[in-house]
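1. For reference, the sequence and a predicted model appear below.
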Amino acid sequence: MELPIYKLIINPEDETGVEFVSLVTKPAIERDFQYFNDQFVDPRPGESKDDFVARCIPIVMNEGKDNEQAVAICYSMYEQGFKFESYNDYPKAAGQNAARGMKLNEAVGNQCATLVGKNRANQLANQEPLSMETIKRTYSFLSRAKTYYDKNDKESCGTISYLLWGGDEMLSWTERKLEQLQMRKARRGFAIQSEEKRIISGAAMIADLPIYRYDDQRGEYYVVFDKETIFEIAKKWAKQDKYDSVNIHHDVPSHGLSLFESYLVDRERGIMPPKGYEEVADGSWFVSYLVNDDQIWERVKNGEFRGFSVEGIFDFDMSQQQKVEDTLFRKLKEIASKWNGKN
């Protein structure tokens with residue numbers, strides 16, 4: 001079933017608009033039409049299980065779950081949040097290549113490959129999860145070793161080692177996976193532009209990006225901001241002099257950051273998106289802040305804050321719903337197809 005997509009807008013004459021830019025662990029999406037906040041709660045670095053669950057339960061209940069469900073979900077989210085991220089969605093052909101490489105290596109007396117290469121072959125043949133670091137090493141090895149691969153030479157150590165690491169299929173998968181994760185990181189986070197000057201930069205809002213939502217009234221749906229609305233939001237934010245209106249996790253106000261720059265992507269005017277955001281639509285809003293507070297700067301460096309999230313009040317533009325559905329649901333499908341590795 002195709003979900004409806006609603007365009008969100010503001011009125012220059014009322015209370016709608018952005019009130020704060022927030023530092024958050026995960027960059028935010030629209031929530032309850034009152035502020036941009038992440039729909040899903042993640043444990044913060046150093047946060048105890050009890051503190052996390054106490055913070056998590058009301059948010060999950062606000063999404064329509066009862067207390068018992070919320071408790072179970074929050075405990076599960078805490079446990080999942082601290083598991084090391086790993087992946088085993090690489091193609092079966094990679095494991096088959098590794099198994100073939102092991103047989104060929106046995107035929108030559110196991111003379112080829114290091115212990116690392118042999119262990120990698122066992123991992124792939126058993127479809128074991130691979131850490132991010134292992135994926136990077138695998139891509140690095142295969143991209144170099146491909147030169148020595150000859151499918152017709154079954155005794156060459158170059159051929160055998162290449163197969164032990166998963167061969168062509170694994171090379172293609174690791175390349176796609178690294179691109180996918182880099183895109184996810186770029187879309188969701190900010191970057192430390194200058195450690196010496198304490199400047200952090202990132203996206204405040206991305207134009208035409210469908211954001212999944214759920215509530216009791218509408219069920220499942222998406223919301224979007226187009227470039228015209230983002231322009232009005234940024235203009236109203238500036239006119240109201242909210243440059244330094246910053247808080248932490250949509251909760252604690254902070255006076256430790258100062259706006260350094262704010263701009264909307266406009267390729268015709270030569271205002272280009274920053275590196276890592278090349279795919280974003282015109283109208284996307286980027287900001288940079290100077291971090292003046294020593295404690296906040298330490299929390300940025302240790303990874304607690306990984307993105308910006310705008311907080312404000314927004315309205316539905318019901319007159320635009322059908323138009324938005326027709327033009328943006330196709331875009332959503334294109335984005336999804338790229339992120340799952342099919343393209």
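-> Structure's in. What do you need? Numbers count the residues shown, from 1 in each chain.
2. count of residues packed around Ile248?
-> 18 (other Cβ atoms under 10 Å). C-beta: built from backbone N, CA, C; applies to glycine.
3. Ok, Thr25 next?
-> 21.
4. same question, Glu261
-> Glu261: 12 neighbours (other Cβ under 10 Å).
5. and it, what does it touch?
-> 201, 286-288 (Cβ atoms under 8 Å, 6 or more residues apart in numbering).
6. Can you tell me which of those residues is nearest Lys275?
-> Ser201 (10.3 Å; Cβ to Cβ).
7. So the closest one belongs to a helix, correct?
-> No. Assessed with DSSP: H, G, I helix; E, B strand; the rest coil, Ser201 is strand; it does not lie in a helix.
8. what bridges to it?
-> Beta-bridge partners of Ser201, counted by DSSP bridges, are Ala191, Ser288.
9. pLDDT weak spots in the stretch 201-343 of the chain?
-> Scanning the stretch 201-343 of the chain with the threshold set as pLDDT under 70 gives 212-215, 276, 318-343.
10. again, 90 this time
-> Filtered on pLDDT under 90, the stretch 201-343 of the chain yields the residue ranges 201-204, 206, 208-224, 243-244, 249-255, 260, 273-280, 288, 297-343.
11. in it, which spans are strands?
-> For the stretch 201-343 of the chain, applying DSSP state E, counting those that start in this stretch gives strands covering 211-215, 219-224, 246-248, 252-254, 257-264, 285-291, 307-313, 315-317.
12. same thing with the stretch 51-200 of the chain?
-> Using DSSP E, counting those that start in this stretch, strands in the stretch 51-200 of the chain cover 86-87, 130-131, 190-194, 199-205.
13. per-residue confidence averaged over the second one?
-> Yep, that's strand 130-131 we're talking about. Throughout strand 130-131, pLDDT has a mean value of 80.
14. Same question for the third one.
-> Regarding strand 190-194, the rounded mean pLDDT is 59.
15. Could you report the pLDDT at the closest residue to Asn126 other than its chain neighbours?
-> Of all residues not flanking Asn126 in the chain, Gly95 sits nearest, at 7.4 Å (Cβ to Cβ, 6 or more residues apart in numbering). Gly95 carries a pLDDT value of 95.
16. give me every residue that touches Gly95.
-> 124-127, 166.
17. Off-centre distance for stretch 86-103?
-> 27 Å (Cα atoms, centre = their mean, to the nearest Å).
18. Mind listing what's buried along it?
-> Using 16 or more other Cβ atoms under 10 Å as the test for burial, stretch 86-103 gives 87, 90-91, 94-102.
19. go on, stretch 9-23?
-> Buried residues in stretch 9-23 (16+ other Cβ under 10 Å): 9-10, 16-23.
20. now do stretch 113-126
-> 113, 117-118, 120-121, 123-125.
21. before we move on, what about stretch 299-319?
-> Those would be 299-300, 304-314, 317, for stretch 299-319 by 16+ other Cβ under 10 Å.
22. is it possible to export those to a markdown table including distance to Arg267?
-> Shown next, in a markdown table, are the buried residues of stretch 299-319 (distance: Cβ to Cβ, whole Å):
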| residue | distance to Arg267 |
| --- | --- |
| Arg299 | 34 |
| Val300 | 30 |
| Glu304 | 34 |
| Phe305 | 29 |
| Arg306 | 27 |
| Gly307 | 23 |
| Phe308 | 22 |
| Ser309 | 25 |
| Val310 | 23 |
| Glu311 | 28 |
| Gly312 | 26 |
| Ile313 | 30 |
| Phe314 | 26 |
| Asp317 | 25 |
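23. Report the beta-bridge partner residues of the closest residue to Phe316 other than its chain neighbours.
-> Nearest-residue entry for Phe316: Tyr6, 5.3 Å, with adjacent residues in sequence omitted and distances by Cβ to Cβ, 6+ apart. Assessed by DSSP bridges, Tyr6 has beta-bridge partners Val223.
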